[in-house]
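Enquirer: this is the structure alone, sequence omitted:
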């Protein structure tokens, strides 16, 4: 324009991810896992597949601006929404204040992983993907047990949850979750259904805690065994249980339990030792692929075989032989086979918690 100053746009700073604006003025932060569902048909489908009853108290995690929350309030008795971002909490309160929904919505501001969850019948949530694993097990530990959870996960994590023996993604996460719940895949969700779109596709999964839940000690023992078995899931169990580091920790745990038994101590509170001291490579990152390094099983079998076989090592190998597990691989074993293997170890006095 003549006589005026030309305004130059400032270049965008490199390395900084721009937050995606919302029509109401709120910016979403991808780094915090804020991806809001924008497809109303998809929201309706999730609510319909959840099977919410009119008497249900619904737990929603990460409600964002309330698109899913409104549909949950339409379907259930009430909604308890846990939201970390104070801006989103304020937006929720503004959206439902003065409406018939307001007295049926309770908003808790805080980190869901650090929050004592109230009673709920069903959980329906589009969660930040970085909390997928700890949140799944927090829910499974919740008392009293809920009827089901319908949750949006990153697709690879979801497929690990539902994976069956022989599937490429079958892993420790699959086995531990399915011990405690029935898990089913409901629908695949493309990344363009979100604002801002994530880098990967998502899936909605239904998790139903088993009515006859395993006791806490079995859950700990089973996980201890899974840490070992899925250390190299495509190796034979005979190869895995011959590894010196694994045998060493197992034997230390075994001797500790033997000493406690001899002193007639109360094992229920004192036996939880040993296994956590060894990093089996899958303690906090359940999304990481377990890989077979392609090495020769026979080469690994020979490690330490020139030495005198210890009494404890012989005991472990006898357990594997008794159940015909030496040549079997974790990637192919069913839930019942793992439980049978655990029972044989326990029968021999070997525990994993």
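Expert: Nice, I can see it. These figures come from a predicted structure and were not determined experimentally.
Enquirer: just give the number of residues close to the residue lying closest to residue 323 once chain neighbours are set aside.
Expert: Nearest non-adjacent residue to residue 323, counting by C-beta to C-beta, 6 or more residues apart in numbering: residue 344, 5.0 Å away. Quick note: C-beta positions are derived from backbone N, CA and C, even for glycine. By the criterion of other C-beta atoms under 10 Å, residue 344 has 17 neighbours.
Enquirer: got it, and residue 241?
Expert: Counted with other C-beta under 10 Å, the neighbours of residue 241 add up to 21.
Enquirer: what does stretch 338-350 contact?
Expert: By C-beta atoms under 8 Å, 6 or more residues apart in numbering, the residues outside stretch 338-350 that reach it are 175, 221-222, 225-226, 229, 237, 250, 253-254, 257-258, 315-316, 318-319, 322-323, 325, 333, 351-352.
Enquirer: may I see the buried residues of it?
Expert: Within stretch 338-350, the residues that qualify as buried are 338, 339, 341, 342, 344, 345, 350, counting by 16 or more other C-beta atoms under 10 Å.
Enquirer: mind checking the pLDDT average for the helix or strand that contains the first one?
Expert: I take that to be residue 338. Using DSSP states H and E, residue 338 maps to helix 335-347. Here helix 335-347 scores 97 as its mean pLDDT.
Enquirer: returning to that earlier point: make a markdown table out of the buried residues of stretch 338-350 and add distance to residue 112.
Expert: A markdown table is the format used below for the buried residues of stretch 338-350 (distance: C-beta to C-beta, whole Å):
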| residue | distance to residue 112 |
| --- | --- |
| 338 | 30 |
| 339 | 31 |
| 341 | 35 |
| 342 | 31 |
| 344 | 39 |
| 345 | 35 |
| 350 | 37 |
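Enquirer: which of the residues you listed lies closest to residue 77?
Expert: residue 339 (37.9 Å; C-beta to C-beta).
Enquirer: now the closest one: how far from residue 214?
Expert: Distance of residue 339 to residue 214, given as C-beta to C-beta, to the nearest Å: 9 Å.
Enquirer: got any residues that touch both of those two?
Expert: Listed as contacting both residue 339 and residue 214 by C-beta under 8 Å, 6+ apart are residue 222.
Enquirer: what about the residue lying closest to residue 203 once chain neighbours are set aside, distance to residue 44?
Expert: Once flanking residues are discounted, residue 203 sits nearest to residue 158: 3.6 Å by C-beta to C-beta, 6+ apart. Per C-beta to C-beta, residue 158 is found 20 Å from residue 44.
Enquirer: before we move on, what about residue 184?
Expert: Computed as C-beta to C-beta, the residue 184 to residue 44 distance reads 20 Å.
Enquirer: neighbours of the residue lying closest to residue 36 once chain neighbours are set aside, just the number please.
Expert: Taking C-beta to C-beta, 6+ apart, and ignoring the residues beside it in sequence, residue 36 has residue 64 as its nearest neighbour in space, at 4.6 Å. By the criterion of other C-beta under 10 Å, residue 64 has 23 neighbours.
Enquirer: okay, and for the stretch 151-300 of the chain, where does confidence drop off?
Expert: The stretch 151-300 of the chain contains residues with pLDDT under 70 at 264-300.
Enquirer: which stretches of it form strands?
Expert: 181-189, 194-195, 202-209 (DSSP state E, counting those that start in this stretch).
Enquirer: the longest one versus strand 202-209: what angle between them?
Expert: Relative orientation of strand 181-189 and strand 202-209, computed by axes from the mean of the first three to the mean of the last three C-alpha atoms, to 10 degrees: 160 degrees.
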